[in-house]
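**Q** need the 3D shape of this:
(one chain, ligands or ions: 1)
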Amino acid sequence: MKRIYLDNAATTPIDSDIIKMMNEIMKVNFGNPSSAHSYGREARTIIEDSRKVIADLLHTSPGSIFFTSGGTEANNMAIKRSIYDKNIKHAITSKIAHPAVLAPLQELSDRGLINLSYVEIDNKGRISLSDLRRKLNSFPSSFVSIMHANNEIGTIQDIKKIGIICREFNSIFHSDTVQTVGHYNFNMQELDVDFITASAHKFHGPKGVGFIYLSDNVNINPFLLGGSQERNMRAGTENIHSIAGLAMAMKIAYKNLEEDTKYIKKLKSYMIERLKSEISDIAFYANCTDLSNSLYTVLSVNFPKNEISEMLLFNLDIMGICCSGGSACSSGGVKGSYVFSSILPDSERPGIRFSFSKYNTIDDIDYTIKVLKDLFS
Ligand code: PLP
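**A** Numbering: from 1, shown residues only. Got it, this is the predicted structure:
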């Protein structure tokens with residue numbers, strides 16, 4: 001049966017050239033980068049070359065990049081190390097942050113180490129800069145975590161402005177950029193941000209590898225203790241082939257960024273138009289249809305309620321269409337996304353996230369629309 005993959009915000013297919021390169025490294029460069037002999041030195045070179053590739057693409061120094069097992073670890077590291085090491089007593093995030101941010105902050109709050117506030121968001125998922133300013137005015141020297149783009153509704157926040165406000169109130173600013181690294185340009189020289197985080201599997205790299213960027217302004221202690229890897233910041237023998245895969249995925253993503261962005265935006269806008277013309281009574285979450293202010297890879301749609309809509313995701317899966325009901329939902333049902341319900345609180349109607357990559361085609365969209373038309377006719 002035909003299968004259409006429209007769940008690229010969950011993960012992306014790995015580029016086959018990257019798989020080939022990683023295979024070669026696993027075969028040939030199996031040395032431990034901490035070993036002094038030639039195998040070790042070769043492995044070390046791969047890691048340091050990868051760090052340089054990433055740093056150059058983000059306009060920062062290699063010393064500011066630390067490899068991790070992905071976005072979750074990088075977010076936990078930024079949050080926990082800042083709050084413990086800087087003796088921070090107040091943190092601010094938003095209710096639509098990813099669980100990899102919400103859960104560690106909640107734990108610190110439950111243990112009584114911090115007071116946790118949530119900045120107001122509007123019905124497009126945009127955070128209120130005046131509310132942030134108000135909160136920071138009451139609690140300067142806070143830890144602020146605001147994601148760059150939301151993984152479920154695609155809302156993009158102005159992290160340049162947020163960074164300036166955080167600086168003004170002597171606060172640490174962490175931005176979860178897992179959905180935007182590899183999809184948008186970053187110039188760390190121009191952003192007042194202390195931490196950003198990334199995950200290779202969101203841009204056609206391997207799973208289980210990512211990085212954290214640390215600005216010169218923050219000094220934190222190691223997150224994982226043990227050996228002296230990652231300049232003492234993250235112990236554990238490095239995942240060499242995956243680190244090389246991450247760097248190659250970044251290189252490819254930024255080499256073709258303009259062209260791929262244009263292509264994926266075209267797919268998204270085609271799907272918006274077809275949905276509007278073929279399915280009656282649909283709505284879009286947040287500012288999903290605004291191509292300049294929402295993640296171009298994500299389109300989240302609120303569908304009418306009918307006898308099949310409770311199991312819409314399941315019905316789409318049966319027809320070979322792989323998409324998502326929001327990150328908190330994996331059972332085939334469509335309820336459960338706290339992000340969807342924070343935007344449309346009283347909706348009993350099903351919400352579906354379609355997310356695109358450069359490997360999708362207009363035919364994928366046409367087939368999806370045809371199936372949806374049948375389900376809602
Ligand atoms: N943050 C955001 C916004 C995400 O979309 C994800 C992935 O689902 C993560 C963090 C977690 O990243 P990882 O899967 O690399 O742990």
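**Q** got the residues of the protein near the ligand?
**A** Neighbours of the ligand within the chain, by CB under 6 Å from any ligand atom: 70-72, 75, 98, 100, 147, 151, 176, 178-179, 199, 210. Bear in mind the C-beta positions are built from the backbone N, C-alpha and C, glycine included.
**Q** among those residues, which are in strands?
**A** Using DSSP state E, the members of those that fall within strands are S199, G210.
**Q** closest one of the residues of the chain next to the ligand to E238?
**A** G210 (12.9 Å; CB to CB).
**Q** strands of the chain, start to end?
**A** Remark: strands assigned in the chain by DSSP E are 4-5, 65-68, 90-93, 115-118, 143-145, 172-175, 195-199, 210-214, 283-284, 298-302, 321-322, 351-355.
**Q** can you redo the ones you listed as TSV with mean neighbour count?
**A** What follows is the strands of the chain, written out as TSV (neighbours: other CB atoms under 10 Å):
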stretch	mean neighbour count
strand 4-5	20
strand 65-68	24
strand 90-93	24
strand 115-118	16
strand 143-145	26
strand 172-175	27
strand 195-199	29
strand 210-214	26
strand 283-284	18
strand 298-302	25
strand 321-322	18
strand 351-355	28
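**Q** format the ones you listed as JSON lines; extra columns: distance to I127 and mean pLDDT.
**A** Listed next are the strands of the chain as JSON lines, based on distance: least, CB to CB, whole Å; pLDDT from 0 to 100:
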{"stretch": "strand 4-5", "distance to I127": "31", "mean pLDDT": "98"}
{"stretch": "strand 65-68", "distance to I127": "26", "mean pLDDT": "98"}
{"stretch": "strand 90-93", "distance to I127": "10", "mean pLDDT": "98"}
{"stretch": "strand 115-118", "distance to I127": "10", "mean pLDDT": "98"}
{"stretch": "strand 143-145", "distance to I127": "10", "mean pLDDT": "98"}
{"stretch": "strand 172-175", "distance to I127": "11", "mean pLDDT": "98"}
{"stretch": "strand 195-199", "distance to I127": "17", "mean pLDDT": "98"}
{"stretch": "strand 210-214", "distance to I127": "21", "mean pLDDT": "98"}
{"stretch": "strand 283-284", "distance to I127": "20", "mean pLDDT": "96"}
{"stretch": "strand 298-302", "distance to I127": "18", "mean pLDDT": "97"}
{"stretch": "strand 321-322", "distance to I127": "31", "mean pLDDT": "98"}
{"stretch": "strand 351-355", "distance to I127": "20", "mean pLDDT": "97"}
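**Q** need the residues of the chain next to the ligand in a markdown table with distance to I321, can you?
**A** Formatted as a markdown table, these follow (distance: CB to CB, whole Å):
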| residue | distance to I321 |
| --- | --- |
| G70 | 26 |
| G71 | 26 |
| T72 | 27 |
| N75 | 30 |
| H98 | 24 |
| A100 | 27 |
| M147 | 27 |
| N151 | 19 |
| D176 | 28 |
| V178 | 24 |
| Q179 | 21 |
| S199 | 24 |
| G210 | 28 |
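**Q** what segments of the stretch 101-250 of the chain are helices?
**A** With helices called from DSSP state H, counting those that start in this stretch, the stretch 101-250 of the chain shows them at 129-138, 159-168, 240-255.
**Q** list the contacts for the residue in the stretch 201-350 of the chain positioned nearest to the ligand?
**A** Taking CB to the nearest ligand atom, the ligand has its nearest neighbour within the stretch 201-350 of the chain at G210, 5.2 Å off. Residues near G210 by CB atoms under 8 Å, 6 or more residues apart in numbering: 67-71, 73-74, 178, 197-200, 246.
**Q** do N150 as well
**A** Taking CB under 8 Å, 6+ apart as the test, what N150 contacts is I96, G125, Q179, A286, L295, V339.
**Q** make it 7 Å
**A** Residues in contact with N150 (CB atoms under 7 Å, 6 or more residues apart in numbering) are I96, G125, V339.
**Q** I'd say the last one and I96 touch.
**A** Yes - under the criterion of CB atoms under 7 Å, V339 is in contact with I96, at a separation of 4.8 Å.
**Q** okay, now the unreliable bits of this structure?
**A** 326-336 (pLDDT under 70).
**Q** and with 90 instead?
**A** Residue ranges of the chain with pLDDT under 90: 1-2, 306-310, 325-336, 344-348, 377.
**Q** looking at it, which helix is longest?
**A** helix 257-278 (DSSP state H).
**Q** which parts of that helix are buried?
**A** Buried residues in helix 257-278, counted by 16 or more other CB atoms under 10 Å: D260, T261, Y263, I264, L267, K268, M271, I272, R274, L275.
**Q** show me which of those residues is closest to T45.
**A** Distances from T45 to those, taken by CB to CB, are shortest for D260, at 29.4 Å.
**Q** bridged to S294, which residues?
**A** S294 forms beta bridges with T155, as assigned by DSSP bridges.
**Q** show me the contacts for it.
**A** G154, T155, I156, A286, N287, C288.
**Q** in TSV: the helices of the stretch 101-250 of the chain, plus distance to P304.
**A** Below are those laid out as TSV (distance: least, CB to CB, whole Å):
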stretch	distance to P304
helix 129-138	34
helix 159-168	35
helix 240-255	37
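**Q** before we move on, the earlier item: just the buried subset of the residues of the chain next to the ligand, written out for ChimeraX, thanks.
**A** A single ChimeraX command selects the buried members of the residues of the chain next to the ligand (16+ other CB under 10 Å):
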select :70,71,72,75,98,100,147,151,176,178,179,199,210
